[in-house]
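1. one predicted model, sequence on top.
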Amino acid sequence: MRVLYPDLQRDNWRRFRILGIGLLSLVCSGWLAAQTVTGTVYDETGVGLVGATVLVEGTTTGTVTDIDGSYSVNANGGSALVFSFTGYLSQRVPIGTQSVVDITMEPDVAILDQVVVTGYSQQRKGDITGAVAVLDTDELTGIAASSVNQQLEGRATGVQTSTSGQAGAGTNIRIRGISSFTSNDPLIVVDGVPQLNNYLNNINPQDIASLQILKDASAASIYGTRASNGVIIITTKKGVSGKPKITYDAYFGVQGHERGFNDFLIQNTQDYANVFWDQYANVGSTPPSNIYGMGSRPEIPNYIFPDREDDGSQPNIDESTYSFPNNLIVRANPNGTDWWDAVFDPAPITDHTLAISGGTDAGTYRISANYLNQQGTMIETYFKRYSIRANSQWTLGKVTIGETLNLSRVESVGVPGGTQNEQGTLMQIVKEQPIIPVYDVGGNFASGKANGLSNGTNPVARLVRNRDNVGEYDAAIGSLFASIEVIDGLTLKTNFGLNYSVGGAPNFQFPTFENSEPTTINSFSENLNRSFNWVWTNTASYNKIFDERHNLNLLVGYESLNERFRSISGSYAQYFLTDPSVRYLSGGLANPDTRQSNSGGSEHTLLSTFGQASYTLDGKYLVTATIRRDGSSRFAEDNRYGVFPSASIGWRISGESFLSDVNWLSDLKLRVGYGTVGNENIGNYRFVNQFGGSTATTFYAINGGNTLRTGYTATALGDPTIGWEEKQTTNVGVDLSILDDKLNVVLDLYQSTTNDLLFNPALPLTAGTVNPPFVNIAEMENNGFDLAVNWRPDVGPVKFDIGLNLSQYRNQIVRIDGDSDVFSPRGAPEVRTATGDYIVNRVGSSIGTFYGLQWDGIWQSQAEIDAANAIDGDPSTDFMANAAPGRFRWADVNSYDPETGELTGRPDGLINDADLTAIGNPHPDFTAGLNLGARYGNFDLSAFFFGSFGNDILNTTKQFTIFRQFNTNADVRVVTDSWTPQNMDTDIPRLDINDAESRRLSSYYVEDGSYIRLKQLQLGYTLPGSVGGNILSKLRVYVQAQNLFTITDYSGLDPALSSFDVSGQDADDLYMGIDYGNYPSTRIIMFGINAGF
């Protein structure tokens, strides 16, 4: 067959094939181009992000997420989507065959940390030239605690905290050591309002958005006289524009303790009886027979009250004759009473926060409510908080107005007798012997009424009788603010803050008929305290960038502050009714002749002007200068005003051209600052003499009889010449970021000198009981370093967050008054075995140094004693009084010059007061915190360790647990390891009733307080965003353990001691590192939930 037009046929076939391939390509490309991808963009908490950008990579095609974080975009299946949002790391996701792409954005920490509050203004973190710590509030609120103060431990360099496991416990915060002989509390400012108490437990930690700590003078001098001890600036959460969001955060846990007194105190009644007996038998004395009889060994009686007859026989007791309180009958507990177990129980803790927030471009709001219930592990104690917070902000053109308001109520029952003292409830556990039961035969409380059973009080009785003494404290903290942008860059702002609190507690005291030293009447007292302060701050700020090179920030301000306090209290005794419903201060309910009443008050004002200028050139060269002038009512008119300047410079070395090719270097900045801050914390009116009087002290019947005439006496002497304490601080810092900001290092070196320290040295005894005046006489230095390292590597799908901080400071007293080189602190808790001051503050040493004899082992034989007596060349002299085999030996470290009476620094073969010396230092060599975090998919895991190293602890509980002062209970080692001629290799002295020498305060009481503690271990899981549908935007659940274990050589309950209010005055830091019945930290196992709607 002949083919016509073959070339045409071949061309048609070729065209057909091309057309087919083209049609197929068009079909495929049409399928790819037509693909619609939808999804939701979430933030790190699982809440939808509004306004996130979603772009098809390499194109201009894209969209932004709506109010729910949802999006829809047309994209080629072979393309990728790029998600971005300010403050978050951009993410690229290949589309492939996916039609739904949900993504959770990761915060860009470097960006988020750029803007922080540093006083009366905000500043880019990259432009800060002072020492400022910016804390992660999510890490803080991960700790179950009644206040943010308790959550700070180990989280920031240069910051130490001191608190206890008591429900609602107060916390001492110290920034870069100790710089004053009086208060060392930092200034805490919440939303521009100074706080009235150190507890800060009236503020819900979940309401805190940011927390900054100003550590050096160049950063803190903007606060002038109140900044000597550093400044903590807290800003609470505000709403964001968008539809209403509801969040619910809650946890429930069970509290316990890692260790109790029952881990080392004698629990067996017979063991204790043997100890009691042997202290007499070892020295040939006859033990008292009223408890354990007159046999060759002690016999456990049937009853401890009434006790045995004079001949040691057990009395015939008819329990039917029991009557309270006139005929008490108490059986002995032959099995031993576990007093720790009787006083402490596992206790629940729960916290609930419900918040709603939202707003529009014109205004935002956030309202939250919180309930915290922390039951104490010590029975019948608790802390409860109810709080409501409302923050709002509205914009009207160039005018912005807003308010913050926090209303709170606290109800608490604390530890009767307090903690860290002999009369505290913790120490009563030590004092009660195991033979004593909790209850007598009539069901009333028992105690050691008979001789030889200690002078303790039944701790269970104390707690039960105290349970209706409920403290109630109400507080309102708020502010109103307004600002207007007058011209571009110039803003005027006014902020008026209020802080009002009122509260008090009743205190009904029952008789203690069961005690060996009983009280036989009841009494009731009640107090009410009111505090009110206001602060009005007006500022003008000017922020301008010129020629894209010069960044100028100016701030001037005027501030006035007024604080008022008033208290009233009263008491009656001998109430004929004890029911809580009739506990009122009424002479109709009690003996009217026992009435006591008192009231008092004070007022303090501060007037200030301040200014600050910051300049940045090319983003590389930074200068900041600050000055503040304060006038305080606490000083006389001639010394009322003080001026506090500071300056700092910074150099961003990484911005220089010679480092432009160093790709791994993200940021390198050098900072240097110097400044002066002040301290006025000495109380009010100390520049004038103060007078007072009462019927018991100064009233007198001049003409005899019962008619008293009013009289007054000086209660405190004043000095009109006193002025501010001033602290000069030099700080040198380096900020380093490398590897795309994944590794960050901040190092600060500092040195500070406090001049004109306010101190009230003791007056001669001839001056009477009047309090001495404060004078500006002393000088003290602190120096140290702060180091923070943060690393955020990604290892495959696992994202790590590792943070390490190290802090060290050295404290030294340079001068006291020019004449004396040592002073004794005031308000010291009494230590029975200390013959004098056991804390000294000496020139050249650290504040709060422990003082006593140096322990030098145990005398092993009389021959050893005789050899020591001959050291001075005269065997007839005693090297040491009361020396005997089995007793402690003291080191001969010093002597008196026989002519001048001055210390020579040389031993002389005699033990006397010259050998009293520094025996310990409570200040740590350094502290460290280590945070380990990891995230894999929807799982997150974190662990936080804290350690303190090189600090000493003065374990004053040994006066009871080792030496059995007042016949208290004792450490089991006294049973198993006391010195005997057959057991010489020990550090427990011989059981010897006549040995008052060994119990003297010495270095034997001092122990290494170093420890490492796993503060937090948490495992969380965030449910996928699609699970909750349109209702639940976020749901995270977690389990957590706090204070899980501690590594330490300390023999006491807990090496993490609290010094809060240990002095009862403003001298807590003079007694840091003392264990006198410290309430140990609680171990908490808990479950929590974070939900968003």
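-> That came in fine, so what should we check first? Numbering: from 1, shown residues only.

2. for stretch 899-918, measure first residue to last.
-> Start-to-end span of stretch 899-918 (Cα to Cα, to the nearest Å) is 25 Å.

3. which other residues reach that stretch?
-> Stretch 899-918 is touched from outside by 836, 840, 842, 845, 849-854, 868, 871-873, 877-881, 890-897, with contacts defined as Cβ atoms under 8 Å, 6 or more residues apart in numbering. Placement of C-beta: from N, CA and C, glycine included.

4. from these, which ones fall inside strands?
-> Residues of the contacts of stretch 899-918 located in strands (DSSP state E): V840, R842, T849, F850, Y851, G852, W890.

5. not counting sequence-adjacent ones, nearest residue to the fifth one?
-> Computed as Cβ to Cβ, 6 or more residues apart in numbering, the closest residue to Y851 that is not its neighbour in sequence is V840, at 4.2 Å.

6. ok, then the element right after the helix or strand of the chain with the lowest mean pLDDT?
-> Ranked by mean pLDDT, DSSP states H and E, the weakest helix or strand in the chain is helix 6-33, scoring a mean of 44. Per DSSP states H and E, helix 6-33 leads on to strand 36-42 as the next helix or strand towards the C-terminus.

7. please enumerate the helices of the chain.
-> Assigned by DSSP state H, the helices in the chain fall at 6-33, 109-112, 137-141, 148-151, 217-220, 269-281, 289-292, 339-343, 425-431, 459-466, 862-869, 958-961, 972-977.

8. ok, of those helices, where does mean pLDDT dip lowest?
-> With a mean of 44, helix 6-33 has the lowest mean pLDDT of these.

9. check contacts around the residue lying closest to Y272 once chain neighbours are set aside.
-> Once flanking residues are discounted, Y272 sits nearest to I266: 4.8 Å by Cβ to Cβ, 6+ apart. If a contact means Cβ under 8 Å, 6+ apart, then I266 has Y272, V275, G336, P434, N969, A970, D971, V972, V974, V975 as its contacts.

10. go again with 7 Å.
-> Y272, P434, N969, A970, V972, V975 (Cβ atoms under 7 Å, 6 or more residues apart in numbering).

11. the longest strand belonging to the chain pairs with which strands, and in what direction?
-> Counting by DSSP E, the longest strand found in the chain is strand 591-617. Using DSSP bridges, the strands paired with strand 591-617 are strand 550-573 (antiparallel), strand 621-632 (antiparallel).

12. can you mark which positions in that strand are buried?
-> Using 16 or more other Cβ atoms under 10 Å as the burial criterion, the residues of strand 591-617 that qualify are H604, L606, L607, S608, F610, G611, Q612, A613, S614, Y615, T616.

13. and if you look at stretch 396-416?
-> Buried, per 16+ other Cβ under 10 Å, within stretch 396-416: 400, 402-408, 410-416.

14. show the average pLDDT along the longest strand of the chain.
-> Strand 591-617 comes out at a mean pLDDT of 95.

15. and F774, how far from T754?
-> From F774 across to T754, the span is 15 Å (Cβ to Cβ, to the nearest Å).

16. ugh, wrong one, I meant N663
-> N663 is 45 Å from T754, by Cβ to Cβ.

17. give me the below-cutoff pLDDT ranges for this protein.
-> 1-34, 45-46, 86-87, 108-114, 198, 826-827, 1026, 1028, 1064-1066 (pLDDT under 70).

18. care to break it down by domain?
-> Following automatic domain parsing, one gets these domains for the chain: 1-34, 35-107, 854-915.

19. so which of those is nearest T986?
-> domain 854-915 (7.4 Å; Cβ to Cβ).

20. chain center to the closest one: distance?
-> 43 Å (Cα atoms, centre = their mean, to the nearest Å).

21. hang on, the earlier thing: reformat the ones in strands among the contacts of stretch 899-918 as CSV; add neighbour count and distance to F1060.
-> As requested, the ones in strands among the contacts of stretch 899-918 are arranged in CSV below (neighbours: other Cβ atoms under 10 Å; distance: Cβ to Cβ, whole Å):
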residue, neighbour count, distance to F1060
V840, 23, 22
R842, 16, 25
T849, 24, 21
F850, 23, 19
Y851, 22, 23
G852, 29, 25
W890, 25, 34
